[in-house]
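S.K.: 3D, please:
(2 chains)
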Protein chains: 2
Amino acid sequence: MASPGSGFWSFGSENGASEPENPNTAKAWCQVAQKFTGGISSKLCALLYGDGEKPMDTGIKEGARPEDKRVACICNKKPCNCQKDQINYSFLYSTDLLPVSNGEMPTLTFLQDVVDILLQYIVKTFDRSTKVIDFHYPNELLQEYNWELSEQPQTLEDILVNCRTTLKYAIKTGHPRYFNQLSTGLDMVGLAADWLTSTANTNMFTYEIAPVFVLLEYVTLKKMREIIGWPGGSGDGIFSPGGAISNLYAMLIARFKMFPEVKEKGMTAIPRLIALTSEHSHFSVKKGAAALGIGTDSVILIKCDERGRMIPSDLERRIIEVKQKGFVPFFVSATAGTTVYGAFDPLIAIADVCKKYKIWMHVDAAWGGGLLMSRKHRWKLNGADRANSVTWNPHKMMGVPLQCSALLVREEGLMQKCNQMHASYLFQQDKHYDLSYDTGDKALQCGRHVDIFKLWLMWRAKGTVGFEAHIDKCLDLAEYLYNRIKNREGFEMVIDGKPQHTNVCFWYVPPNLRNMEDNEERMNRLSKVAPVIKARMMEYGSTMVSYQPLADKVNFFRMVISNPAASHQDIDFLIEEIERLGQDL
Amino acid sequence: MASPGSGFWSFGSENGASEPENPNTAKAWCQVAQKFTGGISSKLCALLYGDGEKPMDTGIKEGARPEDKRVACICNKKPCNCQKDQINYSFLYSTDLLPVSNGEMPTLTFLQDVVDILLQYIVKTFDRSTKVIDFHYPNELLQEYNWELSEQPQTLEDILVNCRTTLKYAIKTGHPRYFNQLSTGLDMVGLAADWLTSTANTNMFTYEIAPVFVLLEYVTLKKMREIIGWPGGSGDGIFSPGGAISNLYAMLIARFKMFPEVKEKGMTAIPRLIALTSEHSHFSVKKGAAALGIGTDSVILIKCDERGRMIPSDLERRIIEVKQKGFVPFFVSATAGTTVYGAFDPLIAIADVCKKYKIWMHVDAAWGGGLLMSRKHRWKLNGADRANSVTWNPHKMMGVPLQCSALLVREEGLMQKCNQMHASYLFQQDKHYDLSYDTGDKALQCGRHVDIFKLWLMWRAKGTVGFEAHIDKCLDLAEYLYNRIKNREGFEMVIDGKPQHTNVCFWYVPPNLRNMEDNEERMNRLSKVAPVIKARMMEYGSTMVSYQPLADKVNFFRMVISNPAASHQDIDFLIEEIERLGQDL
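M.R.: Numbers count the residues shown, from 1 in each chain, chains lettered A, B, ... in the order given. Sure, this is the predicted structure:
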């Protein structure tokens, strides 16, 4: 990080000698960019620290804050047609914007000013000297600002303030030190694509109103099926609102495949069904079973080995057991990348069992699917090509903005048969184009958000090799973390051995607990360590990482790395921050 | 529309005499904006017709096209640190953008250039002289451009081309003459909010990672419940991925309320359930029943009157009938604003029946819910306050960008009990803040897209009175259309009387059919009229409106108006365009 006063940095090579270090913070960059005339740089720099936070020695005068430029306009007319620099938002309302006649000028300036706020947030997001979060308790946040909705409109001035305030309290999910969820990072091309998607503001149900997006979904799903290993990329699929819904789709289709009459006659017309998944699998399998009328008691949790992988012999044993009771095992959900341990179930052995007992094999690769893009790591999903369906969330390991989850199905046409209701007001059979592109009737949803464009555009921008490089880097970082802490004093690994995915699970043991006997009191005290450290992290805003208990294991940290901004220094920072925040516990 | 050469228009009042008409097309606006120095106006104007379409007499030189400014850079360095005007995207890749060190300058210029493309699209969207759609058949579109995904990355130059191409073939869903779906229009504040949402890139499951959005959802759902009429806005709710899922939630919760054991034991442990809804209701009720394991045979369609409203006496008759068979009627879905006719079921009478037989009353007000904001029209939903749950899609009548659908539930805590699975890795019970704000476990989804901010920000910008004005205007326009065509030669109304909602259903009868006897041949020929006119509309790109058959009624047009850009002239245009395109049939 450039220190104040020394961070001046030359573009190009005009003065290479004066580059003690790169200005890889926004503030340092800003100091340099000020030297340029015109264009975006000076404008943005003026904005960059203008939302209330003091700039640190950037030399930017307070007078450059964006509010100032607006008071020049005193026209008080609606619509205000003043030049940009004279637009006074405190006289303008949303009714002065397009589509109102003459609304172009205020619209473009307003949207540009919103974009400036967003660009400012983006630059700060990647700046390690900014906080990951400016944490406030719910009641504080409710009191600090008036969030209420009222009868009367607010001015555009207020709307811009609302935008700044919202971002002020937001979590910087793209921050290099944000590791809290499986979905982290902020990809610039993905973001641009999502902005475009919002602007296109359409719906996936018919080709008629989303021609390009429907084709891109077709192209992308086919590519994903090819990567899974289904011959020629054949099969079916859909982008759904998240992995839980993708898993629910899989269970729904599996049930329909075995008992198509269930669609009309319901569960009372068919035998009792049993779904099987590992004890480390995602809770959405149970949630889906509850929703589909199967019931959570009919979800059997198969034992895992010490690293969180389903034990195929236990799967077979339980299948035999339920069959003996006269129940019908219809669905096995294997997990490729469990939520906590990042474990990969042994898919080939599970596929053998599913084949033997003629059970639908689903692979929940919501988290692990990205590894299919890596020549180095895709072996962990060997056997996924034998699945009947696969959940794969590009919004997790591939860094696509939320939401982007795909369900891939090996048998073509099954989704359509399972879900179609032939709504004649949408899926008219006498349209003038090829109706196979009206894919809406295979969905559970009617309208469906466009989630495809950001994935497609990122794929074009990165190439498959770009995703591979990202994934390999994240796994390398996880291994780096593992190597740094496995023998470090005060750290205890929850599972032995190199991480299979980017999940690294560990306890931090404060000095006071290190020499205690391994008894209940120690466990009790240890269970309180991670929550306190996490709370302190959030109050400092320095970093964020998740923790949880699991079975008989008390609260431990689960580090996951999907963030493209993270580097070795951030891993080091995390380790030291945990030590700093936890040493007194 | 300003005609070329005469459309020069003065800002402010410096030359009021020379304003023969307002420059309400982008092109005319552009001519004027050119006169200003600096700022966004000249920049955007240079871009405005720069994507291949020729400007009409705008005086903009071809040389001002955005491509030209890029060739100045010959640095060929990565990252390219040239000034904006010198950035050469054909040497840059996504790997040159943030979070890469020194990525700020190329990132900001890249995002700004994407925004310029979007702003250009937005201005064109509202320009009546542009096409609603540049229609291409799927095979044409697949051949005209290479959409494939490959191993290797594309340059940022290519990425910008991809953006332009995607928008070139997109439907302008905000165009004043786009009437094709229930969701139309493009609200500028809503769009800005959606851009911000994408930038914040987070997930709704916990307060921890979405503090502001969680609070805004809380505030907004409460306000919506107040408007429904539940005392003090009490109750529960969630924003779900669309009306179909909201309806599915309602059915799921209703089942759980009556038979909580279904969550664990499934449908086989409880009696056969029956859901009842009108024959004009949305297909998602059946879709939901199929998914939930209830089965479509257990959805009874209640008869409607000639205007598409459920007949309460038929509802009661069918309830008695199924009870006599030993089945359990558990769920009545009334519709407030049917998809085709825009009919409002008589909610008070239905509430009485539901109360009498102790059945959950759901109101599917996905389409009609917006009318609750209008003092003039909200009587049509009288009785909605007696419902147990209400689906209300702000992305339809309220013009919020897609997707934005709310399910409101009268009983607090029921959703949570129905859906919770206590995932310990997300909903840790030892967090340092008030856990009631971790609302994720009441959802069927795990991760959940942030759909709240665009609605909240629009509400702040418009006030409740702004939504009311929009809704009243759309209903006035629908009545205008009805009055214009009810006695017009060649038009036949599908249902008599003033529209209840903005749906206006009619046949266009070409001259050749007008004197034919009302027999099968005429019906047969009439059924082909709307599809041909629609196909021609799309090929001309002049307007878009939907059509469908319904029961014994052959294909008719269903006009719906939710578009804030639409005016009387657009309604007149639609009428005349139908006549123009259909007169020879």
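
S.K.: Every contact and neighbour count from this point should use C-alpha atoms.
M.R.: OK.

S.K.: so which helix or strand takes in A:Asp476?
M.R.: helix A:452-485 (DSSP states H and E).

S.K.: just checking, what packs against that helix?
M.R.: Where contact means 3 or more CA pairs under 8 Å, 6 or more residues apart in numbering or on different chains; DSSP states H and E, helix A:452-485 is packed against helix A:188-200, helix A:211-228, strand A:504-508, helix A:568-582, helix B:156-168.

S.K.: run the last query once more with 10 Å
M.R.: Contact here means 3 or more CA pairs under 10 Å, 6 or more residues apart in numbering or on different chains; DSSP states H and E; on that basis helix A:452-485 packs against helix A:188-200, helix A:211-228, strand A:405-409, strand A:491-493, strand A:504-508, helix A:568-582, helix B:156-168.

S.K.: A:Cys354 contacts A:Val332, correct?
M.R.: Yes - using CA atoms under 10 Å, A:Cys354 is in contact with A:Val332, at 7.4 Å.

S.K.: Spit out the residues that contact those two alike.
M.R.: A:315, A:319, A:360-362, A:387 (CA atoms under 10 Å, 6 or more residues apart in numbering or on different chains).

S.K.: Compute the first-to-last residue distance for stretch A:412-432.
M.R.: 24 Å (CA to CA, to the nearest Å).

S.K.: How about that stretch and chain B, touching?
M.R.: Yes - residues of stretch A:412-432 are located near chain B by CA under 10 Å from any CA of the partner chain, namely A:418-432.

S.K.: Looking at these, which two lie furthest apart in space?
M.R.: The span of these, defined through CA to CA, is set by A:Cys418 and A:His432 at 25.7 Å.

S.K.: For the two, indicate the residue with more neighbours.
M.R.: Higher neighbour count among A:Cys418 and A:His432: A:Cys418, with 26 against 15, using other CA atoms under 10 Å in any protein chain shown.

S.K.: my read: that one touches A:Met251, true?
M.R.: No - here A:Cys418 lies out of contact with A:Met251, judged by CA under 10 Å, at a distance of 11.2 Å.

S.K.: hey, what's in contact with both of those two?
M.R.: A:257, B:291.

S.K.: Not counting sequence-adjacent ones, nearest residue to the spatially most central residue of chain A?
M.R.: Centre of chain A computed as the mean C-alpha position; nearest residue by CA atoms, centre = their mean is A:Ser183, 2.9 Å away. Leaving aside its chain neighbours, A:Ser183 sits nearest to A:Lys396 (4.4 Å; criterion: CA to CA, 6 or more residues apart in numbering or on different chains).

S.K.: one step back: max pairwise distance over the shared contacts of A:Cys354 and A:Val332: which two?
M.R.: Largest pairwise distance in those, by CA to CA, is 17.6 Å, between A:Ile319 and A:Ala387.

S.K.: Does stretch A:326-342 reach chain B?
M.R.: Yes - legend: contact between stretch A:326-342 and chain B by CA under 10 Å from any CA is shown at A:339-340.

S.K.: and that stretch, how far apart are its ends?
M.R.: End to end - CA to CA - stretch A:326-342 spans 34 Å.

S.K.: now stretch A:267-275
M.R.: Distance across stretch A:267-275, first residue to last, is 14 Å (CA to CA).

S.K.: Can you name the next helix or strand after the worst-scoring helix or strand of chain A on mean pLDDT?
M.R.: Across the helices and strands of chain A, mean pLDDT, DSSP states H and E gives its lowest value to helix A:39-48, namely a mean of 44. Sequence-wise, the next helix or strand downstream of helix A:39-48 (DSSP H and E) is helix A:104-125.

S.K.: report the angle between the axes of that next one and helix B:188-200?
M.R.: Put simply, helix A:104-125 runs at 10 degrees to helix B:188-200, going by axes from the mean of the first three to the mean of the last three CA atoms, to 10 degrees.

S.K.: Tabulate the CA atom coordinates of helix A:104-125 in PDB.
M.R.: Coordinates of each C-alpha in helix A:104-125 appear next as PDB, following Å, rounded to 0.1, in the frame of the first residue of the first chain:
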ATOM      1  CA  GLU A 104     -33.400  13.200 -21.500                       C
ATOM      2  CA  MET A 105     -31.000  15.700 -20.000                       C
ATOM      3  CA  PRO A 106     -31.900  15.200 -16.400                       C
ATOM      4  CA  THR A 107     -32.100  11.400 -16.900                       C
ATOM      5  CA  LEU A 108     -28.700  11.100 -18.300                       C
ATOM      6  CA  THR A 109     -27.100  13.400 -15.700                       C
ATOM      7  CA  PHE A 110     -29.000  11.600 -12.900                       C
ATOM      8  CA  LEU A 111     -28.000   8.100 -14.100                       C
ATOM      9  CA  GLN A 112     -24.400   9.300 -14.600                       C
ATOM     10  CA  ASP A 113     -24.300  10.600 -11.100                       C
ATOM     11  CA  VAL A 114     -25.600   7.300  -9.800                       C
ATOM     12  CA  VAL A 115     -22.900   5.600 -11.800                       C
ATOM     13  CA  ASP A 116     -20.300   7.900 -10.300                       C
ATOM     14  CA  ILE A 117     -21.400   6.800  -6.900                       C
ATOM     15  CA  LEU A 118     -21.200   3.100  -8.000                       C
ATOM     16  CA  LEU A 119     -17.700   3.600  -9.500                       C
ATOM     17  CA  GLN A 120     -16.600   5.200  -6.400                       C
ATOM     18  CA  TYR A 121     -17.900   2.200  -4.400                       C
ATOM     19  CA  ILE A 122     -16.200  -0.200  -6.800                       C
ATOM     20  CA  VAL A 123     -12.800   1.400  -6.400                       C
ATOM     21  CA  LYS A 124     -13.100   1.500  -2.600                       C
ATOM     22  CA  THR A 125     -14.200  -2.200  -2.700                       C
END
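
S.K.: helices or strands up against that helix?
M.R.: Right, helix A:104-125 is packed against helix A:26-33, helix A:39-48, helix A:156-168, helix B:26-33, helix B:39-48, helix B:104-125, helix B:188-200 by 3+ CA pairs under 10 Å, 6+ apart.
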